[in-house]
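A.B. asks: pasting the structure only:
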């Protein structure tokens, strides 16, 4: 059974940093694309970025470039979203999700429960 469990969300001041974790189990971690999505209040869910099975990162949100990075630990079967220089516009529920090897915008069949990130002074 595939399981994805996010952690690390919380309240952070503008300009601050936060690292989210997604602990996984139940699938061949090394061979999957790992992604982060987010949904802000009153907005549709959007893809933020994704790392494919060859560790190539694709950014889906321009505002994340230069501020957010994704990393994976194949031993711990956990991946991370490092977020720097946070702004109030980054406030959202963040979700981890997986699909087959490539970072295509569709086809994410397994999702975590989400973790709230609030950027506010």
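C.D. replies: Looks like it came in fine. Given the structure is predicted, the values throughout are model-derived calculations rather than measurements. Residues are numbered from 1 along each chain as shown.
A.B. asks: for the closest residue to residue 114 other than its chain neighbours, which residues are in contact?
C.D. replies: The shortest distance from residue 114 to any non-neighbouring residue, by CB to CB, 6 or more residues apart in numbering, is to residue 93 (4.3 Å). C-beta: built from backbone N, CA, C; applies to glycine. Neighbour list for residue 93: 38-39, 114-117 [criterion: CB atoms under 8 Å, 6 or more residues apart in numbering].
A.B. asks: which SS state does the residue nearest to the spatial centre of the chain fall under?
C.D. replies: The residue lying closest to the centre of the chain (CA atoms, centre = their mean) is residue 36, at 2.4 Å. Secondary structure, DSSP: H, G, I helix; E, B strand; the rest coil: residue 36 is strand.
A.B. asks: how about the helices in this structure?
C.D. replies: Remark: helices of the chain are absent; assignment by DSSP state H.
A.B. asks: before we move on, the earlier item: so what's the residue nearest to residue 114 bridging to?
C.D. replies: Here residue 93 sits in beta bridges with residue 39, residue 116, going by DSSP bridges.
A.B. asks: if I look at residue 77, how far off is residue 98?
C.D. replies: As judged by CB to CB, to the nearest Å, residue 77 and residue 98 stand 11 Å apart.
A.B. asks: give the burial count for the closest residue to residue 9 other than its chain neighbours, as a bare number.
C.D. replies: For residue 9, ignoring the flanking residues on the chain, the nearest one in space by CB to CB, 6+ apart is residue 115 at 3.4 Å. The tally of other residues near residue 115 (other CB atoms under 10 Å) stands at 22.
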